[in-house]
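Trainee: Quick one, fold the following:
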Amino acid sequence: MKIKLYSKMQKTKLKQTEIGMIPEDWEVEEIGEVAEVVGGGTPSTKISEYWDGDIAWITPRDLSTFKFRYIKRGERNITKKGLENSSAKLLPKETVLLTTRAPVGYLAIADNQVTTNQGFRSLIPNDKTISEFLFYLLKKNVEILKSNASGTTFGELSGSRLKALQFAFPNVEEQSSIAKILSSLDSKIELNQQMNKTLEAIGQAIFKHWFIDFEFPNEKGKPYKSSGGEMVDSELGEIPKGWEVNELGEFIEFVKGRKPNQVFGNDEDGLMPQILIDVLDGGTPFFSNSENMVQSDETDIIMVMDGASSGRTERGFAGILGSTLAKIKVKELNQDYVYCLLKIKEDDIKQNTTGTSIPHADKKKIEKYLIAVPPKKILEDFRINFNQILFRQILIRKENKNLSQIRDSLLPKLMSGKIRVPVEVRA
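Mentor: Numbers count the residues shown, from 1 in each chain. Presented below is the predicted three-dimensional model:
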């Protein structure tokens, strides 16, 4: 993929408008003039025949950790009866989905027909705009969307207020060119994200093959169990001869992160990036002084300890741990084995948190997990195999960080007309 912006841009004449200076050949339009704004709804949860159908139904929660532009479905589907007996609307492909409460500003584009709950005001573009341009325009102006929300308990952007918001629009051809530049970057980012998911799945498959199916390579390089390797009874069932059963707590220690006294928006000398849940999701970090803080390098295991995603386990992040995260120090075993084990246990950890109002990962339960401990030679062989996957994931994540910075730098310039096409885009 190559994106080339001509270094010598055409000079743009500007004009004064009600929203400020914009290119002379652009027009100020209200959202309601370029798109139909459609609300959503929720069928009664007490009527089972309204649910588990084949109509995609999207909620703000579905977009809370969504990392792509196009979405096909959420966690739940509704039936035709559910659609007919609620205020949910069937939205066409290419509709821009915008959450307008709890919170305001999550965005996606419908990859097929979908419905949403009442937390959305979705935008069906007309012939004055195209979906991807509208998506990026709103993404660039999320703070404006939030500032126009009202309400005491939580902010909500009303349909009438959204329709009245004004932005600058070039003609559809230029919109298409702008969208191509930004979407080519996002396409590469999304491809990398899929690659990392695939690498993660490969790593977990290797771990399962070696340490659950006990098909690690024997001295002759053949699968141990299916090649007649000797098995013995244990508390976990049959395990290879020479392995031991221990509690995981004998080998790990939780080191909780801390909240820094001061954070900065820029990477200045002596500062380190702060690792928060948003950063795990690809967000831009803040920075702080590392003194008296818990530091993590890219090979360390990180677990979310507090909040809705308690139990989530990650690797590949270097910086200072926020107060809702913990680093898991590993003794005797290696980090690769423990990381893969915790990923396999991740759903169980998430479903068995402590706390009432705020969930917390249950350290005692985690420490009580019984594990089959292999000899050091097998652990070392696994580390060598798994590290190839880990470091490839780290490189991909770094590439995505650079691509995201380029996209985020271009976004305001393209949307304001400071950078104009013509451009040459080759994918």
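
Trainee: which stretches of the stretch 301-427 of the chain have low pLDDT?
Mentor: 422-427 (pLDDT under 70).

Trainee: Can you report how many residues lie near the residue nearest to K256 when sequence neighbours are not counted?
Mentor: With sequence-adjacent residues excluded and distances taken as C-beta to C-beta, 6 or more residues apart in numbering, K256 is closest to A326, at 4.8 Å. For every residue, glycine as well, the C-beta is placed using N, CA and C. Look at A326: counted by other C-beta atoms under 10 Å, it has 22 neighbours.

Trainee: What residues sit buried inside stretch 188-196?
Mentor: Across stretch 188-196, burial judged by 16 or more other C-beta atoms under 10 Å covers 188-190, 192-193, 196.

Trainee: possible to save those residues as TSV with distance to V255 and pLDDT?
Mentor: Converted to TSV, the buried residues of stretch 188-196 look like this (distance: C-beta to C-beta, whole Å; pLDDT from 0 to 100):
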residue	distance to V255	pLDDT
K188	35	97
I189	31	95
E190	34	95
N192	30	95
Q193	28	92
N196	25	94
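
Trainee: From these, pick the one nearest N112.
Mentor: Comparing the buried residues of stretch 188-196 against N112 with C-beta to C-beta places E190 closest, at 17.1 Å.

Trainee: From T353, how far off is the closest one?
Mentor: Distance, E190 to T353, by C-beta to C-beta, to the nearest Å: 31 Å.

Trainee: List just the nearest of the buried residues of stretch 188-196 to V421.
Mentor: Looking across the buried residues of stretch 188-196 and measuring by C-beta to C-beta, the closest to V421 is K188, at 19.7 Å.

Trainee: How far away from the center of its chain is the helix or strand harbouring Q204?
Mentor: Assessed by DSSP states H and E, Q204 sits inside helix 172-211. The chain centre lies 11 Å from the centre of helix 172-211; the measure is C-alpha atoms, centre = their mean, to the nearest Å.

Trainee: Going along the chain, name the helices of the stretch 101-250 of the chain.
Mentor: With helices called from DSSP state H, counting those that start in this stretch, the stretch 101-250 of the chain shows them at 131-140, 142-147, 159-164, 172-211.

Trainee: highest average neighbour count across those?
Mentor: Ranked by mean neighbour count under mean count of other C-beta atoms under 10 Å, the helices of the stretch 101-250 of the chain are led by helix 131-140, which reaches a mean of 22.

Trainee: Using the record's assignment, carve this protein into domains.
Mentor: The chain breaks down by automatic domain parsing into domains covering 1-26+172-222+375-427, 29-169, 244-373.

Trainee: Now render those domains as TSV, adding distance to V232.
Mentor: What follows is these, written out as TSV (distance: least, C-beta to C-beta, whole Å):
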stretch	distance to V232
domain 1-26+172-222+375-427	11
domain 29-169	43
domain 244-373	10
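
Trainee: Tell me which of those domains approaches M231 most closely.
Mentor: Closest approach to M231 among the domains of the chain is made by domain 1-26+172-222+375-427 (7.3 Å; C-beta to C-beta).

Trainee: Tell me how far that closest one lies from the chain's centre.
Mentor: The chain centre lies 13 Å from the centre of domain 1-26+172-222+375-427; the measure is C-alpha atoms, centre = their mean.

Trainee: do the same with stretch 79-98
Mentor: Its chain's C-alpha centre and that of stretch 79-98 lie 25 Å apart, by C-alpha atoms, centre = their mean.

Trainee: Check stretch 141-159 too.
Mentor: Centroid displacement of stretch 141-159 relative to its chain, using C-alpha atoms, centre = their mean, is 23 Å.

Trainee: Then stretch 94-112?
Mentor: On C-alpha atoms, centre = their mean, the centre of stretch 94-112 falls 15 Å from the chain's centre.

Trainee: Just the buried residues of it, please?
Mentor: Here stretch 94-112 shows 94-101, 103-111 as buried, counting by 16+ other C-beta under 10 Å.
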